[in-house]
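> the following comprises the amino acid sequence and a computationally predicted model.
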Amino acid sequence: GKDFKADLKITMLNVGQGDSFLIQTSAQNILIDTSDMDERTKLVSELDKAGVTTFDKIILTHPHADHIGGIEKLLKDDKYTVKEVYDNGIASTSKLYQNYMKEVKSAKIKHVSLTAGETLDFGGGVKFEVLYPDKSLVKDVNGGKQKTDPNNESIVGRLVYKDFTMMFTGDAELKVESEIWQDNDEKKLKSRILKAGHHGSRTSSSENFVRVVNPEYVLISAGEPTDKRGGNTYGHPHLEPLQTYLDAGIPADHILWSWKNGTVVIQTDGKNFSVTPEHKEDWVKSWIKEKKKKK
């Protein structure tokens, strides 16, 4: 049982094929990503369940639909109040992104771009240290010097509250992981919980990165495997990352997937922490077996 006073709560919302994480400190509500357009009803019901309608900050890691799909709903619906919006500052041609920018402007919401080296104050002693993208990358992509590659422009950041740490990766892939690993002291990367990059895809979660982050738990936000467009047609989570986590000594029941485990709630006082899945399900070993059969 939980025998500590939790003053920080982080929830992996169960929003299908996409990402959305709610962070509640003693002073602020922060949302990292807003899942996909067609998962809006799930996002709304998860926010209802959490009883949250005001967001001090919304951080959008990159402009892919399964991360920014719900932002318009939160900006347009009177039920919600959004005070500030953060993204990586890279202009996108995506219609969703263009609409979101229009909304932010017309609602006169404070809009900030986040780059490596900055720290956001989440209130109540909670900080968010931005590790990626680099200012020069943003400049080169915006200036046309470099072709855009949205996953590898994701905002990556580490949440820090006293001794508790959690790594948020967006959809950052191996290339970014190795840059982060090279550019940072290992002490800046070690995290008790890892949000698996790119929905548990093999494009992410390299052995080096997982070794350095050295998490006790891994959270995977991915939808029900399906052949239907718009859903998890990718077979996330892939075999390779799961194998990497297990090889790194992470117990199978500390690897949680939103489709199997539902909403996952992390509570901490900055020292002790608890991780509570809505459904306890031991899926990892059988999922790996099934994946190996298909190979």
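That came through fine.

> so where do the helices sit in the stretch 1-150 of the chain?
40-50, 65-68, 71-76, 95-106, 135-142 (DSSP state H, counting those that start in this stretch).

> which parts of the third one are buried?
Of the residues in helix 71-76, those scored as buried under the neighbour-count criterion (16 or more other C-beta atoms under 10 Å) are Ile71, Glu72, Lys73, Leu74, Leu75. For the C-beta atoms, the positions are set from N, CA and C on the backbone; glycine is no exception.

> quick check, nearest of those residues to Asn29?
Within those, the smallest distance to Asn29 is 11.4 Å, found for Leu74 (C-beta to C-beta).

> grab the nearest non-local neighbour of the closest one.
Distances taken as C-beta to C-beta, 6 or more residues apart in numbering place Tyr80 nearest to Leu74, at 4.7 Å, with adjacent residues excluded.

> correct me if wrong: Asn29 contacts Ile23.
Yes: when contacts are counted by C-beta atoms under 8 Å, Asn29 is listed as touching Ile23 (7.3 Å).

> what bits of the chain have low per-residue confidence?
Residues of the chain meeting the criterion pLDDT under 70: 1-2.

> if we can go back for a sec, quick one: closest of the helices of the stretch 1-150 of the chain to Leu189.
Closest approach to Leu189 among these is made by helix 135-142 (18.8 Å; C-beta to C-beta).

> identify the residues contacting the closest one?
88-91, 113, 115-117, 145-148, 153 (C-beta atoms under 8 Å, 6 or more residues apart in numbering).

> I'd like to know which elements the following helix or strand past that helix is packed against.
On the C-terminal side of helix 135-142, the closest following helix or strand by DSSP states H and E is strand 156-161. With contacts defined as 3 or more C-beta pairs under 8 Å, 6 or more residues apart in numbering; DSSP states H and E, the packing partners of strand 156-161 are strand 126-132, strand 164-168.

> mean neighbour count added to those strands, as a markdown table?
What follows is those, written out as a markdown table (neighbours: other C-beta atoms under 10 Å):
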| stretch | mean neighbour count |
| --- | --- |
| strand 126-132 | 22 |
| strand 164-168 | 24 |
